[in-house]
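K.L.:
here's a sequence, model it:
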Amino acid sequence: MSVVSSPWPLLSRLVFYTVAAFYAYGALVHILNMASLTGFAWPAAPLKWQFLDIVYLVLDVTVVAGLLRGAWVGIAAFYCAALSQIALYTLFRGWVLDVPEPFQRSGDDLAYLDGLVAFHIVTCVAMGVAIAARPSGTPR
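P.N.:
Prediction:
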């Protein structure tokens with residue numbers, strides 16, 4: 001009788017690595033924002049945007065490092081980042097976008113925020129499935 005191993009641990013690891021790659025990209029975007037390389041001068045940006053860049057850079061790096069190491073801190077940071085961004089881009093969208101005229105966003109940028117909400121919802125579900133499929137008691 002042969003033992004067939006479950007593909008779920010491998011698929012879970014794949015989800016973790018894929019989410020880590022997306023969050024590495026997010027960290028890069030925050031770094032580029034801070035370097036004023038994304039279309040606006042970061043020192044002149046609204047203070048709330050600067051604050052959010054710093055907070056999400058820290059969270060994104062924590063997600064990447066944690067998920068790659070299979071540590072629970074990566075999972076916790078992921079849910080903190082994802083759920084807070086869903087809230088920011090839905091419930092608190094008016095606050096995020098209430099900025100001086102030079103920083104007003106176009107319709108395409110607003111649609112991008114809707115895409116980010118969908119992305120975070122999908123990754124929350126995928127991570128939930130990946131976590132549930134892991135061997136009991138381990139984040140790896």
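K.L.:
return the per-residue confidence for Tyr112.
P.N.:
You'll see Tyr112 listed with a pLDDT of 88.
K.L.:
now it: which helix or strand?
P.N.:
Using DSSP states H and E, Tyr112 sits in helix 107-133.
K.L.:
just how off-centre is that helix within its chain?
P.N.:
Here the centre of helix 107-133 is set off from its chain's centre by 8 Å, with C-alpha atoms, centre = their mean, to the nearest Å.
K.L.:
go on, stretch 85-97?
P.N.:
Chain-centre distance of stretch 85-97: 15 Å, with C-alpha atoms, centre = their mean.
K.L.:
next, the distance between the ends of it.
P.N.:
End-to-end distance of stretch 85-97: 13 Å, with C-alpha to C-alpha, to the nearest Å as the criterion.
K.L.:
give the buried residues for that stretch.
P.N.:
85-86, 88-89, 96 (16 or more other C-beta atoms under 10 Å). Every residue, glycine included, has its C-beta placed from N, CA and C.
K.L.:
one more: stretch 67-78?
P.N.:
Across stretch 67-78, burial judged by 16+ other C-beta under 10 Å covers 67, 74-75, 77-78.
K.L.:
where in the chain is pLDDT low?
P.N.:
Along the chain, the model assigns pLDDT under 70 to residues 1-8, 135-140.
K.L.:
what ranges do the helices span in it?
P.N.:
For the chain, the helices defined by DSSP state H cover 8-34, 47-69, 72-89, 93-97, 107-133.
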